Every structure is written in C-alpha cells, then in structure tokens.
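J.: My questions are about this predicted structure, shown below with the sequence.
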Amino acid sequence: MFNNFVYQNPVKILFGKGQIAQLGKQIPADAKILLTYGGGSIFQNGVYEQVKKALEGRNIVEFGGIEANPTYETLMQAVELGRKEQITFLLAVGGGSVLDGTKFIAAAIPFEGDDAWQFVTGQAKFKKAIPIGSVITLPATGSEMNYFAVISKTSTHEKKGMGNPLVYPTFSILDPETTFSLPQRQIANGIADAFTHVMEQYMTYPVDAQIQDRFAESIIQTLIEVAPKTLENPTDYEARANFMWAATVALNGFISLGVPQDWATHQIGHELTAFHGIDHARSLAVVLPYLLKIKQDSKREKLIQYAKRVWNLSGTDDELVAGAIQKTEEFYEALGLPIKASDYGVNQETIAKIVKRFEARGVNFGEKADITPAVVAEILEMSIA
C-alpha cells in the first residue's frame, strides 16, 4: 500500500557554471561566518578563491581539516571556535563529509548540555541550530539537500547517523566545474554512493508508488549511463552535471515518499568503516550484493522489476533475480570497487565485533526489520568467503 507522507524541502539550489559568484547574495550581510572545509583541495581547484571573492569584505573565520569521515573530536574543535567567535552563519565548502560535519557543528554550537555526541546517539534533542549554506565540490552524499549527517567517533570506533530539519542547508551551490580536478577514485566512490542511496529506498517491496519507482529507476539509469563518460573524461560538463544532480536527487527525500526503505547496507557499511577505515562507498559495495542474495526472496518482486526496467534483462523470474544481482556486482566492479570485504582485511574477528555491537544495541534492520545480527553475520561471511 502506498504510504501517507508529508514532504517539505526548504533548500535553495543554485546549480551550474559560475554560481559561486552568487554566494554573497545568499548570506546576510552582517553575518559572522565560519567557513569550514576539508583537507585543502579547495585551494588547488580555485574554489577557495572564488568563495573569498564572492564574500569580499565579509567577516569570516576559517576552520579546515574536516575528515572524509568527519570525527566528533575534530568537529568539537570547530564548535569551540564557533562559540568563542560568536558565529552566526556556517558555510561548508567541499564534499558531503564537510557538510555533514558542519551540520553537527551547527547544532552543537548552541547546545547547552555536557556532551554534544548525544545528538548523534539520539539521547539529546535538537532545539536550535546555526544557519548553514554549502558549496559542494564532490557529488556523492546528497547532504546538500537533506538534513542528515553521518559522524564518527574515533575514541570508540563508532560511526552513526543523525538528522533534524533544523540543519537543512538554507542554500547549496553546485557547480560541476568545481569537480573536474577530483581524483578518479573519489568520483567512482561518489557514483557508487549515489547508486546505493537509490537502492536503499527502491529495492524493498512494491507499494504501487509509480512516480517514486520511475524516478528512482531514472536516477540509476542516469548513473549507469554517465559513469563511464565522466570517469573517462572528467571535463565533460554534461556528464558531470548529470552525475552531480543525480547524486543530489538520490537523497533529497523525494524517492522515499510513500515507500518502505531498507538502509541495512549503510548500517553494516558504517561499522566496516569504523573498524577498518574503508571508504564509505566501498563499504557499501561489499555489503549490498550479498544482502540482495540473502534477502532475494523478500525483495523478489522489486529485483525482477529492477532487472527488467533498469537493466533490460529478460528470462524466467529466477533468471531475472540472479541477473539483477549480477549486474549490481558488475556495476560496482566497473567503477573499480571490490565487492569482497576480505579485500580490506575484514575477517571473522571483525564480523564478531559488529554482530556483538548490533546485539548490544538490540536493533534489527531492513524494510521488514528482519535483518537481525545473525543475518548481518551471514551477509558478511558471504562477503569474505
């Protein structure tokens, strides 16, 4: 049954060449801005200069060094700086991880409790947040048009999601040209990440949500089509623009309206990143194919639909199910992502730690809450076999 839903997305998107020049018009003139960024790539690709030019004469404080998996420890340094400087606006410049971290900073600066990690664990409620804007230079997470973030805690080897409408960006600027100089590995990861985001919302069971299904399938087909083009020719503007927008709409909430969602692949993948430091997208590639194999009966109708509509396969239902899973594996591998967790050193010891952690939390995953810690073990054991 098509589920009831409420949808409101307040994010203003400025998409295309030269849009960073509009930045000054998006932030209040009297704002004291904390500019956040990652490892410094914005200095090499010209984005920093464009941002500074657009904000010439503004009151700006900078904080760099936010990691690819933003850590609580680093982010709390930014929180202390933000409080000290009485920041009134946050501007994230970089990839989704920088923006994720900035969402945490936005909520933590005005937080009056003892431990802001409680936002991530759900023990503390969001009451207010500093406004955020973003200039996105790496398509992948969709963080630019949603209110979710994923934060890691180094001291406890945890990686968890958080979210609240208070940390929606007020605007996001997406200029495909800012992505031209990115390494192929990051682009491949971004494509895989966006692809898996769609699969988490689509690959469940049918509820006759025809618009959402067709929209989801079109995003997947776009990623399949533009992946080789944008990897082979990074300055192909049309291919990169289509990829960048696909990554945004993959997780801006639209394709999830009225439909069941899974997200087990992400939950398991987060643990692999926490324990082994595996790139986020690569952790997903070593989970999803095996999850689909183990849950193929409960996902059968959608696997058949996916095989026919996305991959144009034909044959018996059993052949379509097998073909759908095989095509998924081949897609990740064509991007250069291994589909075996064992390639990253994951072994029975890691699996035992992950299962123990899920047992302690008392949680099951999946659209039917039937992916128990024991099933997680099965998925990971298949991935290291």
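T.: Good, I have the coordinates.
J.: Sort out which residues of the strand or helix carrying residue 162 are buried, please.
T.: Assigning secondary structure by DSSP states H and E places residue 162 in strand 158-163. Of the residues in strand 158-163, those buried under the neighbour-count criterion (16 or more other CB atoms under 10 Å) are 158-160, 162-163. Any C-beta I mention is one placed from the backbone N, CA and C, and that applies to glycine too.
J.: counting contacts, what elements does the helix or strand that that strand is followed by pack onto?
T.: With elements assigned by DSSP H and E, the helix or strand that comes after strand 158-163 is strand 171-174. The criterion is 3 or more CB pairs under 8 Å, 6 or more residues apart in numbering; DSSP states H and E, and the helices and strands that strand 171-174 contacts are strand 12-15, helix 23-26, strand 132-138, helix 237-249.
J.: Now with 7 Å, please.
T.: Using 3 or more CB pairs under 7 Å, 6 or more residues apart in numbering; DSSP states H and E as the contact definition, the elements that strand 171-174 packs against are strand 12-15, strand 132-138.
J.: Save those strands as CSV, and put in mean neighbour count too.
T.: As requested, these are arranged in CSV below (neighbours: other CB atoms under 10 Å):
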stretch, mean neighbour count
strand 12-15, 16
strand 132-138, 27
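J.: who wins for proximity to residue 52 among these?
T.: When those are ranked by distance to residue 52, counting by CB to CB, first place goes to strand 132-138 at 11.5 Å.
J.: ok now the helix or strand encompassing residue 274, how far from the chain's centre?
T.: Assigning secondary structure by DSSP H and E places residue 274 in helix 264-276. Centroid separation between helix 264-276 and its chain, computed with CA atoms, centre = their mean, to the nearest Å, is 13 Å.
J.: same deal with stretch 53-67?
T.: Between the mean C-alpha point of stretch 53-67 and the mean C-alpha point of its chain there is a distance of 24 Å (CA atoms, centre = their mean).
J.: what do you get for stretch 80-88?
T.: Its chain's C-alpha centre and that of stretch 80-88 lie 27 Å apart, by CA atoms, centre = their mean.
J.: tell me which residues in that stretch are buried?
T.: The neighbour-count check on stretch 80-88 (16+ other CB under 10 Å) flags 81-82, 87-88 as buried.
J.: do stretch 147-166 as well
T.: Along stretch 147-166, these residues count as buried under the neighbour rule (16+ other CB under 10 Å): 147-153, 158-160, 162-164, 166.
J.: Rounded mean pLDDT for it, please.
T.: Averaged across stretch 147-166, the pLDDT comes to 94.
J.: What ranges does this protein have for its strands?
T.: If DSSP state E is used as the criterion, the strands of the chain fall at 12-15, 32-36, 59-63, 89-95, 132-138, 148-153, 158-163, 171-174.
J.: Which one, of those, ends up nearest to residue 287?
T.: Taking CB to CB as the criterion, residue 287 comes closest to strand 158-163 out of the strands of the chain, the separation being 13.7 Å.
J.: For the closest one, which strands pair with it and how are they oriented?
T.: Listed by DSSP bridges, the sheet partners of strand 158-163 and their directions read strand 148-153 (antiparallel).
J.: can you redo the buried residues of stretch 147-166 as TSV with distance to residue 134?
T.: Formatted as TSV, the entries for the buried residues of stretch 147-166 read as follows, by distance: CB to CB, whole Å:
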residue	distance to residue 134
147	12
148	13
149	12
150	16
151	16
152	20
153	23
158	25
159	21
160	21
162	17
163	16
164	17
166	15
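J.: and residue 370, how many residues sit next to it?
T.: When neighbours are defined as other CB atoms under 10 Å, residue 370 has 12 of them.
J.: what's the answer for the one 10 residues further on, then?
T.: Using other CB under 10 Å, the number of residues around residue 380 comes to 27.
J.: same thing with the one 4 residues further on?
T.: Summarising burial for residue 384: neighbours were counted as other CB under 10 Å, giving 18.
J.: so how many other residues sit close to residue 76?
T.: Residue 76 sits with 16 neighbouring residues when counted by other CB under 10 Å.
J.: what's it in contact with, if anything?
T.: Applying CB atoms under 7 Å, 6 or more residues apart in numbering, we find residue 76 in contact with residue 116.
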